[in-house]
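# predicted structure and sequence below. I'll ask about it afterward.
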Amino acid sequence: MAHAVRFHETGGPDVLKWEEVTVGDPGPGEVRIRHEAVGLNFADTYFRTGLYPARLPDGIGVEAAGVVEAVGEGVTEVTEGDRVTYTGSPLGAYSTERVMPASHLIGLPPEISCETAAAMTMRGLTAAYLLRRIHPLKAGDTVLLHAAAGGVGLIFSQWAALLGIRVIGTVSSEEKAEIARAHGCEEIVYYRRENVAERVRELTGGAGVPVVFDSVGKDTFAGSLASLARRGLLVCFGTASGPVPPIDAMQLALHGSVFVTRPALADYIADPAERAALAGELFGHVAAGRITIETNQRYALKDAVQAHRDLEAGKTTGSSVLIP
């Protein structure tokens, strides 16, 4: 019997329930996939708490990798037995198997395991669009990256180093600083005991950085704005500490005619050709060993409650996966 983690109400980790589910045959344009690994992402907590809308009761999770077991009528993207990964809607990745649209799947090269894919598809594609689509960064540029020891942070810093981009990363501890440095982060700011904006100015000769990449949100927004160079760009791509406050347009002028964007991965992989290009670049770096994926936490899928507790408590580094 198939199982899935579902939730019937929003709230803390305890609303997640391990349930038996019935998985039918795929319809037109759909496949049935057996998961070998499921990605644990902070976005999952947004659905669980109600920050992102869900139709309850519902499954949870947006990223997994596994093997195609059956294909529906009209499916040409994949065939039975293919190893695939995906990220994005519909919810329901926290499951042993599921039926889903074939158009969302990305084929895996033989060099990349399903566990590695589940640990990196969302994070890796996020790093890909941040570095390759958001702003015309070039070798020699310096950027500020919050949560540098997180899953996106470790991939981002390695990729940035390949491009010749200097990363100033924020972390909470010496342990996380060591991990971030080992993955290409050149400068460290301890956000709990240092003034981030002041340290960024010191590290940039007073100029600030052209781009800040901020996945933390409410707690770091003010410091991120103050770290920008004139006409710089603040990229708010996550809300780990809560949504950013309402933006006063005059503050953007007072900080140097700066810009703010709140991008979503879905809008950078909606076009199949662009998704394939970003995934191909990511997979190429990983397969060649130029980017290492650190899967530092593994949980049984049925232990999703504990996984969410650890994630929200800041106890994780790198990527985490749930194993069915």
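Ah, there it is. Numbering: from 1, shown residues only.

# every contact and neighbour count from this point should use C-alpha atoms.
Will do.

# not counting residues beside it along the chain, what's closest to the residue of the chain most remote from its centre?
Ranking residues of the chain by C-alpha distance from their mean position (Cα atoms, centre = their mean) puts Glu73 at the top, at 32.1 Å. Of all residues not flanking Glu73 in the chain, Pro28 sits nearest, at 4.4 Å (Cα to Cα, 6 or more residues apart in numbering).

# give me the low-pLDDT residue ranges for the stretch 51-200 of the chain?
Along the stretch 51-200 of the chain, the model assigns pLDDT under 70 to no residue.

# any idea how many residues pack against the residue nearest to Glu73?
13 (other Cα atoms under 10 Å).

# the one 3 residues further on too?
The local packing of Val31 (other Cα under 10 Å) involves 26 other residues.

# then Arg133?
12.

# I'd like the numbering to begin with 22 instead of 1 from here.
Noted, 22 is the first residue going forward, which turns the last one into Arg154.

# rewinding a little: for the residue farthest from the centre of the chain, helix, strand, or coil?
coil (DSSP: H, G, I helix; E, B strand; the rest coil).

# strands along the stretch 72-221 of the chain, start to end?
79-80, 84-92, 104-108, 118-122, 127-128, 163-166, 187-192, 208-211 (DSSP state E, counting those that start in this stretch).

# any chance of those strands in a markdown table, plus mean neighbour count and distance to Ala328?
Below are the strands of the stretch 72-221 of the chain laid out as a markdown table (neighbours: other Cα atoms under 10 Å; distance: least, Cα to Cα, whole Å):
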| stretch | mean neighbour count | distance to Ala328 |
| --- | --- | --- |
| strand 79-80 | 20 | 16 |
| strand 84-92 | 25 | 15 |
| strand 104-108 | 25 | 19 |
| strand 118-122 | 22 | 20 |
| strand 127-128 | 20 | 26 |
| strand 163-166 | 25 | 24 |
| strand 187-192 | 25 | 21 |
| strand 208-211 | 21 | 25 |
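
# nearest to Leu299, of these?
strand 127-128 (11.1 Å; Cα to Cα).

# contacts for the closest one?
Strand 127-128 has contacts (Cα atoms under 8 Å, 6 or more residues apart in numbering) with Val99, Asp103, Arg104, Val105, Thr106, Tyr107, Ala297.

# pull the most distant pair out of those residues.
Farthest-apart pair in the contacts of strand 127-128 is Asp103 and Ala297; separation 16.6 Å (Cα to Cα).
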